[in-house]
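Chemist: Below are the sequence and a predicted model; questions follow.
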Amino acid sequence: MTATPQPGVRAQNKARTRAAIRFAALDLVTEQGYHATTVAQIAAAAGVSHTTLFRYFESKEQVLVSDDLEDARHELFENAPAGLSHFDLIRHIMRGLFDLAMADEWASNPGRAYLLRTEPTLRMAHQLAADSMLQEGLTLIAEYTGTDESALSLRVFIAAVSGVLMHILDRVAMPNEDTLAEVLDALDLLEQGLPL
């Protein structure tokens, strides 16, 4: 059994700097509001320069909206077991995304979740990021099932699943095991043809 390679010192330092910037932003925005918080304030609170902050994040909103799970999400999407139905593929992805988020200190931070839900600028940016992930999911399902990406059946399926997800996630302060169970129950209902 091979050990998982540990990140090098440079990668660890980068991760610490990104975390310091994120949590400084979270504290400041929580205290004084998103629009009242400047990039200079965030950089000073994190102990970095304005330039360094922009080396790590493209904008103030991305400090709070982004996470470091993109590679893990790609791996989850690309390593789905063969032979799943389109509903089982979605279940696999939902369970995997939930596990990734819950295991990550930043992605599972309740204060961050609150800001992403309640601050209009952040909510919009977060929605755009979610839309991008949905497009990636559509491409994955198209490739996995051998369905044309522009097929109406696939687009309706993705729209139905994403609509249900948004409805459930909008109603919770912070996703938890009960949220995942409700998502999976909702997928069961969709698969059964929406019985009442």
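Modeler: Now that the structure is in, tell me what you want to look at. Numbering: from 1, shown residues only.
Chemist: Looking at this protein, which helix is longest?
Modeler: Using DSSP state H, we find that the single longest helix of the chain is helix 120-145.
Chemist: Any regions of this structure where pLDDT drops low?
Modeler: 1-7 (pLDDT under 70).
Chemist: At which residues are the helices of it located?
Modeler: Under DSSP H, the chain gives helices at 9-32, 39-46, 50-56, 60-65, 70-78, 86-102, 110-118, 120-145, 152-170, 177-191.
Chemist: So which of the ones you listed is the most surrounded?
Modeler: The highest mean neighbour count among the helices of the chain, using mean count of other C-beta atoms under 10 Å, belongs to helix 60-65: a mean of 21. Heads up, the C-betas are built off the backbone N, CA and C, glycines and all.
Chemist: And it, what does it pack against?
Modeler: With contacts taken as 3 or more C-beta pairs under 8 Å, 6 or more residues apart in numbering; DSSP states H and E, helix 60-65 sits against helix 9-32, helix 39-46, helix 110-118, helix 120-145.
Chemist: could I get these as TSV with distance to residue 91?
Modeler: Converted to TSV, those look like this (distance: least, C-beta to C-beta, whole Å):
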stretch	distance to residue 91
helix 9-32	30
helix 39-46	38
helix 110-118	23
helix 120-145	12
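Chemist: Name the nearest residue to residue 76, sequence neighbours excluded.
Modeler: residue 96 (4.2 Å; C-beta to C-beta, 6 or more residues apart in numbering).
Chemist: and the gap between that neighbour and residue 17?
Modeler: The gap separating residue 96 from residue 17 is 28 Å, by C-beta to C-beta, to the nearest Å.
Chemist: Appreciated, that's everything.
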